[in-house]
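*Asks:* A predicted structure for the sequence below; I have some questions about it.
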Amino acid sequence: QSAMVDHAELESVVAARVCDLEHLVASCRGKVELMLAEDGQGSEDKLIRSMIGEAVKAVFDDVDDVDEYTSLTEGFGKGLTLTVADDMSAEDELASMKHVSGLMQAATGVAKKLGVDAKDPQMLAACGEFLLEALYVNNLLSKQASAKGVGYRR
């Protein structure tokens with residue numbers, strides 16, 4: 001937890017990122033009153049994650065066309081996994097994003113379409129995550145959660 005505080009103190013602008021949406025699962029648990037066909041443990045979490053994914057897909061589709069970014073998946077072709085986490089600073093996340101060819105330029109394009117300042121590291125990191133999640137929910141990337149954060153890969 002101290003790492004989270006340290007990063008928060010360093011950043012002058014705070015922006016919600018897709019990795020922050022994971023906290024919605026715990027906060028929504030018990031509030032979704034549906035009869036689930038699969039009544040096992042984790043089925044409610046699975047449903048909530050699916051709803052979040054559909055929301056990301058719908059919002060991204062309103063802003064941009066995910067098909068314009070399918071070439072980004074090639075940057076993950078050699079086993080590269082890009083990890084994002086809510087306790088990772090925007091600067092660190094952007095440094096990681098530079099390892100995926102074209103991702104920084106694509107995130108800048110998404111920022112412009114959203115009307116946010118692409119020169120602000122927080123906003124650019126948020127747009128990069130938004131794009132990665134859009135690629136994931138459209139089955140163009142895979143995603144795996146771990147203790148370190150969420151890893152996107154091909």
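*Replies:* Thanks, I have it.

*Asks:* Now stretch 98-106 - C-alpha only, CSV.
*Replies:* Extracted in CSV, the C-alpha atoms of stretch 98-106 (Å, rounded to 0.1, in the frame of the first residue of the first chain):
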residue,chain,number,x,y,z
LYS,A,98,6.7,2.1,-25.5
HIS,A,99,7.7,-1.6,-25.9
VAL,A,100,4.7,-2.2,-28.1
SER,A,101,5.2,-0.8,-31.5
GLY,A,102,2.7,1.9,-32.3
LEU,A,103,0.9,1.8,-29.0
MET,A,104,2.0,5.3,-27.9
GLN,A,105,0.9,6.8,-31.2
ALA,A,106,-2.4,5.0,-31.0
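
*Asks:* which residues touch that stretch?
*Replies:* Under the contact criterion CB atoms under 8 Å, 6 or more residues apart in numbering, stretch 98-106 has outside partners 69, 71-72, 74-76, 80, 82, 94, 97, 124, 128, 131-132. The C-beta positions use only the backbone N, C-alpha and C, and glycine is treated the same way.

*Asks:* Buried residues of it, list them for me.
*Replies:* Val100, Leu103, Met104, Ala106 (16 or more other CB atoms under 10 Å).

*Asks:* So the last one versus Val59, what's the distance?
*Replies:* Spelled out, it's Ala106. As judged by CB to CB, to the nearest Å, Ala106 and Val59 stand 17 Å apart.

*Asks:* Great, nothing more from me.
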